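In: Build me a structure from this.
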Amino acid sequence: MQGVVPQPAIAKLLQDRFVALAADIDAPEQGLVDLLMANMPDAMMLPFVVFTDADGNWLQGMQGAVHPDRFREALEEMAEGS
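Out: This next block holds a predicted model:
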């Protein structure tokens with residue numbers, strides 16, 4: 001994500017439409033563990049990226065290396081759906 005998030009088009013989408021939160025995967029909150037287990041039970045490759053709505057309901061999730069275009073497309077899809 002370090003090389004993806006700072007890209008201008010992605011950074012703008014994130015700043016304009018989303019609230020970002022980082023969690024320590026070595027000591028995650030139980031609610032995050034529950035959300036991941038319910039929606040990405042086979043996820044093994046870091047980093048994990050989880051998208052929820054304002055109420056914490058699951059929207060999408062990704063794991064491992066994500067191509068910047070795929071990440072941007074996911075952001076655009078969610079932004080259009082809101």
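
In: Report the buried residues of the biggest helix by length in the chain.
Out: As assigned by DSSP state H, the longest helix anywhere in the chain is helix 68-81. For helix 68-81, the neighbour count (16 or more other C-beta atoms under 10 Å) marks 71, 72, 74, 75, 78 as buried. All C-beta spots, glycine's among them, are computed from the backbone N, C-alpha and C.

In: Helix, strand, or coil at residue 51?
Out: Of the three states, residue 51 takes strand according to DSSP: H, G, I helix; E, B strand; the rest coil.

In: quick one: it and residue 61 touch, right?
Out: Yes. In this structure residue 51 lies within contact range of residue 61 using C-beta atoms under 8 Å: 6.8 Å.

In: so where's the protein uncertain?
Out: Counting by pLDDT under 70, the chain shows low-confidence ranges at 82.

In: can you map out the strands along it?
Out: Under the criterion DSSP state E, the chain contains strands at 48-52, 58-63.

In: Lovely, talk soon.
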